[in-house]
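Engineer: task: produce atomic coordinates for the following.
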Amino acid sequence: QVQLVESGGGLVQAGGSLRLSCAASGRSLNTNIMGWFRRAPGKEREFVAAISRSGEIANVADSVKGRFTISRDSAKNTVYLQMNSLKPEDSAVYYCAGSMVLSTNTGNYRYWGQGTQVTVSS
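Structural biologist: Have a look, this model is predicted:
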């Protein structure tokens, strides 16, 4: 069993940056593909980014491409989401999740954190 804990969320002005972290306990993250998702009020959870086990392959949603970067540090058992040039529409609860396949589909992710709130003011 893997427990995931997100951190790094907060309130930031439009154009600002945040770095989210997802730390794992219980088991190594190295056997999992890791992803970030988000859910804004009144909307469904949506894919943001995913990264392969080796960290060599990353998939990023078009809505955040060029602004968000996903990375992982195997030694620290942690996955990151660097978010730059933030927009008010990026405001959401951000979740990290673990999967056996590189996927944009929430149904393929079996481990989920509790989420961290990101609020971008205009």
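
Engineer: can you give me the end-to-end distance of stretch 107-114?
Structural biologist: With Cα to Cα, to the nearest Å as the measure, stretch 107-114 spans 16 Å from end to end.

Engineer: cool, and stretch 66-75?
Structural biologist: Stretch 66-75: ends 26 Å apart by Cα to Cα.

Engineer: ok, the residue most central in space within the chain to G115 distance?
Structural biologist: Centrality entry for the chain: nearest residue to the mean C-alpha point is W36, 2.5 Å, by Cα atoms, centre = their mean. For W36, the distance to G115 equals 11 Å [Cβ to Cβ, to the nearest Å]. (Glycine included, C-beta is placed from N, CA and C.)

Engineer: what touches both of those two?
Structural biologist: Common neighbours of W36 and G115 are listed as 94-95 (criterion: Cβ atoms under 8 Å, 6 or more residues apart in numbering).

Engineer: hang on, the earlier thing: what is the burial count for the closest residue to the residue nearest to the centre of the chain other than its chain neighbours?
Structural biologist: Computed as Cβ to Cβ, 6 or more residues apart in numbering, the closest residue to W36 that is not its neighbour in sequence is V48, at 4.3 Å. Around V48 there are 25 other residues, counting by other Cβ atoms under 10 Å.

Engineer: let me see the contact set for V48.
Structural biologist: 35-38, 60-61, 64, 68, 70, 81, 94.
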